[in-house]
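Asks: Curious how this folds, go ahead:
(2 chains)
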Amino acid sequence: MDFPLSFWDISLWLAVTAIILLITSELISPYYGKTNLLINKKRLRNVALTISIMFLITVAIRIYEIIIST
Amino acid sequence: MRIRMGMRGATSGIMLLLGIVALLTSIVYTSSILAFIGLGLAFWGAILLYVEPEEHIKKVILDASILPPLTTLNQIIQELGYKGDVTYLPPRYFQNPENSKVYIPKQKDAYLPTPEQIQRCENQTFVKSPQGILLTPPGAELTRLFEKRLKTSFNKVDLNYLQQNLPRLFIEDLEIAENLEMEILPRQVLARTSDSSSLVQAEYYTVHVRITDPICREICEESNKLIHICGRIGCPICSSIGCALTKATGAPVMIEIAQTSKDEKTIEVDYRVLGIRS
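Replies: Model prediction:
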């Protein structure tokens, strides 16, 4: 009864999700023309940034582990 | 719209629920595929619920509802014969500094009344001494919205703050226009003629604003025909910038020129900021 995903699986999933969200939030930005998507862009951007930061934290943990092990 | 919103909510809810079920099942059967599916479904369900659409109205409804009050205002000024320069009054003219009003004198060349004269009849429309009219400009409420979005009062900021923050507000936050540029032109001294007692004070500076592709292009097009609106009181967007300028500078502001480009995509407005902040 263990959770089947490891820390690195979650890290990879966060990376993919962050890329998708960041691209989406940037594409629907008014700078690139209106796309008529009736969603709250500010909230989407906040989620994208949060997921990106979470991914960067996992990367930092990995780097820390590499430094410690050497 | 409400049905669409309901459908959206239900879809998001189902996705979230299925995701949680898949995640729990993945723990029981130790399946990483189920875990990824569950994680994805739960995450996107939650995102769709969180990133819900803001309330929107169709632009045609906005265009249709803005123009009639502007036409009426133009007719009233025309029929009452108020010929003087339209001046946006700064907060020191009012007991409530959050007020935004324009003053139009009866005569073409007339002095700007003192703050005390305006404060005496702040809540009246017609000013008897000196004869003039006090109106709430079409962009007053829009300026309040700007202040709310920027979480500040324009009475507490300066012109540089407006120059830095209005473009972001117009382009990114409220999506009023594709681009907005604000340029402060050097201070100028106007040579007074001896017979003139014009509102225009001796020293002034001009703030040049260029708005590209505003949402109210149709309104601007129509308000060009209203002689007391375009280039004087201003359409709601030009007027809102006028209100913001007078609050931030603490000086009376006049719309000097309002021009629309040939392709009607760009509006250029020159605001004359009279005198120095007291």
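Asks: pLDDT wise, what is the most centrally placed residue in chain B at?
Replies: Most central in chain B under CA atoms, centre = their mean is B:S240, positioned 3.5 Å from the mean C-alpha point. pLDDT recorded at B:S240 is 93.
Asks: hang on, it packs against B:F146?
Replies: Yes - in this structure, B:S240 is within contact of B:F146 by CB atoms under 8 Å, at 6.7 Å. Bear in mind the C-beta positions are built from the backbone N, C-alpha and C, glycine included.
Asks: isn't there a helix covering B:E181?
Replies: No - assessed by DSSP: H, G, I helix; E, B strand; the rest coil, B:E181 does not belong to a helix; its assignment is strand.
Asks: can you tell me which residues contact the residue nearest to it when sequence neighbours are not counted?
Replies: For B:E181, ignoring the flanking residues on the chain, the nearest one in space by CB to CB, 6 or more residues apart in numbering or on different chains is B:R210 at 4.5 Å. Contacts for B:R210 (CB atoms under 8 Å, 6 or more residues apart in numbering or on different chains) come out as B:N179, B:L180, B:E181, B:E183, B:T266, B:I267, B:E268.
Asks: so what's the fifth one up against?
Replies: Contacts were defined as CB under 8 Å, 6+ apart; by that measure B:T266 touches B:R210, B:I211, B:T212, B:D213, B:T260.
Asks: Can you flag which of the residues you listed belong to strands?
Replies: Residues of the contacts of B:T266 located in strands (DSSP state E): B:R210, B:I211, B:T212, B:T260.
Asks: wait, B:T87 sits on B:L112?
Replies: Yes - between B:T87 and B:L112 a contact is recorded at 6.0 Å, counting by CB under 8 Å.
Asks: Poorly predicted segments of the chain, please.
Replies: The chain I'm using is chain A. A:29-38 (pLDDT under 70).
Asks: Hmm, no, I was thinking of chain B.
Replies: In chain B, residues with pLDDT under 70: B:1-5, B:53-55, B:189-202, B:276-278.
Asks: Near chain A, which residues of it? Just list them.
Replies: B:26-28, B:30-32, B:34-36, B:39-40, B:43, B:47, B:50-54, B:56, B:171-173, B:175, B:178 (CB under 8 Å from any CB of the partner chain).
Asks: from the residues you listed, which would you call buried?
Replies: B:S26, B:I27, B:L34, B:A35, B:F36, B:L39, B:G40, B:F43, B:I47, B:V51, B:I171, B:E178 (16 or more other CB atoms under 10 Å in any protein chain shown).
Asks: If we only consider the ones in strands among the contacts of B:T266, which is nearest to A:L14?
Replies: B:T212 (38.1 Å; CB to CB).
Asks: Against chain A, how distant is the closest one?
Replies: Between B:T212 and chain A the computed distance is 12 Å (CB to the nearest CB, to the nearest Å).
Asks: Domain parsing of chain B, as residue ranges.
Replies: B:2-50, B:59-274 (automatic domain parsing).
Asks: just these: most buried one?
Replies: Among the domains of chain B, the stretch with the highest mean neighbour count (mean count of other CB atoms under 10 Å in any protein chain shown) is domain B:59-274, at a mean of 18.
Asks: now that domain, how far from the centre of its chain.
Replies: 10 Å (CA atoms, centre = their mean, to the nearest Å).
Asks: Compute the first-to-last residue distance for it.
Replies: Taking CA to CA, to the nearest Å, the first and last residues of domain B:59-274 lie 35 Å apart.
Asks: Also stretch B:168-182?
Replies: Note: stretch B:168-182 ends 12 Å apart using CA to CA.
Asks: what does that stretch rub up against?
Replies: By CB under 8 Å, 6+ apart, stretch B:168-182 touches A:29-31, A:34, A:42, B:145-146, B:149-150, B:162-163, B:166-167, B:207-215, B:237.
Asks: Narrow those to those in helices?
Replies: A:K42, B:L145, B:F146, B:R149, B:L150, B:L162, B:Q163, B:L166, B:P167, B:I237 (DSSP state H).
Asks: And the furthest pair within those?
Replies: Between all members of the ones in helices among the contacts of stretch B:168-182, the farthest pair (by CB to CB) comes out as A:K42 and B:Q163, at 22.8 Å.
Asks: Chain B versus the residue sitting nearest the centre point of chain A, what's the distance?
Replies: The geometric centre of chain A, computed from its C-alpha atoms, lies nearest to A:A18 (CA atoms, centre = their mean), at 2.4 Å. Between A:A18 and chain B the distance is 11 Å, computed by CB to the nearest CB.
Asks: Quickly find the element holding that residue.
Replies: Per DSSP states H and E, A:A18 falls inside helix A:7-27.
Asks: Distance from that helix to the middle of the chain?
Replies: Using CA atoms, centre = their mean, the offset of helix A:7-27 from its chain centre is 4 Å.
Asks: Going by contacts, tell me the helices and strands next to it.
Replies: helix A:41-69, helix B:32-50 (3 or more CB pairs under 8 Å, 6 or more residues apart in numbering or on different chains; DSSP states H and E).
Asks: Reformat the ones you listed as a markdown table; add distance to B:I233.
Replies: Formatted as a markdown table, those follow (distance: least, CB to CB, whole Å):
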| stretch | distance to B:I233 |
| --- | --- |
| helix A:41-69 | 32 |
| helix B:32-50 | 42 |
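Asks: Just the helices from the stretch 101-250 of chain B, written as ranges.
Replies: Here the stretch 101-250 of chain B has its helices, by DSSP state H, counting those that start in this stretch, at B:115-120, B:140-150, B:159-168, B:217-223, B:236-249.
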